[in-house]
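In: Quick one, fold the following:
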Amino acid sequence: MSRVGKNPITIPDGVTVDVAADAITVKGKKGELSRQLLADVSVAVEDNKVVVKPLSESKFARSLWGTMRSNIEAMITGVSDGFSRELEIQGVGYRAQIQGKTLRLQLGFSHDVEFPIPEGVSIECPSQVQIVVSGADKQQVGQVASNIRGYRPPEPYKGKGVRYKDEYVLRKEGKKK
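Out: As a prediction, the model looks like this:
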């Protein structure tokens with residue numbers, strides 16, 4: 001029995017949930033998200049709550065029960081409140097700036113890294129060493145933040161690179177003479 005899947009999801013004000021035969025669509029003030037429903041799980045909207053149930057007692061259906069419920073809850077939270085990830089840049093001469101629909105990163109390479117901002121995600125730079133990635137889709141926000149961090153992950157000796165704001169980088173001691 002899934003402990004997560006048993007709990008119904010309450011729908012906040014300003015959010016509409018439409019369940020079709022094979023897809024679920026969630027609309028809110030931050031946008032619209034849709035996801036394909038799996039054949040082993042049923043989704044129903046009952047008195048302002050979304051209820052997810054497995055259609056059979058197979059292990060596959062029971063394992064997807066809680067996963068589907070979590071995905072739907074993330075969709076509802078995304079269209080009502082949104083998600084964001086904050087990145088920090090550390091290093092001498094390392095900085096970021098927005099130019100139109102492109103994030104320009106100077107990360108110690110011989111060239112600037114230009115990252116095109118995808119649809120559905122907004123990127124802000126409150127300062128030259130901070131990047132805020134925000135949007136309605138939790139998976140897309142995390143993937144964009146991971147792609148930006150991937151250009152120069154933090155290294156363990158001096159700590160230079162792009163890191164998440166709450167990330168702890170384990171520092172190593174350098175070479176001894």
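In: Tell me the confidence at Met68?
Out: pLDDT, Met68: 92.
In: Which residue is the nearest non-sequential neighbour of it?
Out: Val41 (4.9 Å; CB to CB, 6 or more residues apart in numbering). Glycine gets a C-beta too; all of them are placed from N, C-alpha and C.
In: Pull the residues that contact the biggest helix by length in the chain.
Out: Under DSSP state H, the helix in the chain containing the largest number of residues is helix 59-80. Helix 59-80 is contacted from outside by 1-5, 7, 9, 11-12, 14-15, 17, 24, 26-33, 35, 37-38, 40-41, 43, 50, 52-55, 83, 135-139, using CB atoms under 8 Å, 6 or more residues apart in numbering.
In: Now go through these and say which are in strands.
Out: Among the contacts of helix 59-80, the ones falling in strands (DSSP state E) are 9, 17, 24, 26-28, 31-33, 35, 41, 43, 50, 52-54, 83, 135.
In: lowest average confidence, helix or strand, in this protein?
Out: Using mean pLDDT, DSSP states H and E, the weakest-scoring helix or strand in the chain turns out to be helix 3-6, at a mean of 82.
In: Tell me how far Lys53 lies from Val121.
Out: Separation of Lys53 from Val121 (CB to CB, to the nearest Å): 33 Å.
In: re earlier: just the buried residues from the ones in strands among the contacts of helix 59-80, in PyMOL please.
Out: The buried subset of the ones in strands among the contacts of helix 59-80, as determined by 16 or more other CB atoms under 10 Å, is captured in PyMOL by this line:
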select buried, resi 9+17+24+26+28+33+35+41+43+50+52+54+83+135
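In: follow-up on the earlier one: got the buried residues for the least confident helix or strand of the chain?
Out: Buried positions in helix 3-6, judged by neighbour count with 16+ other CB under 10 Å: Gly5.
In: can you dump the C-alpha coordinates of that helix into CSV?
Out: The C-alpha coordinates for helix 3-6 follow below in CSV (Å, rounded to 0.1, in the frame of the first residue of the first chain):
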residue,chain,number,x,y,z
ARG,A,3,1.5,5.8,1.9
VAL,A,4,1.9,8.7,-0.5
GLY,A,5,-0.7,7.5,-3.0
LYS,A,6,-3.4,7.2,-0.4
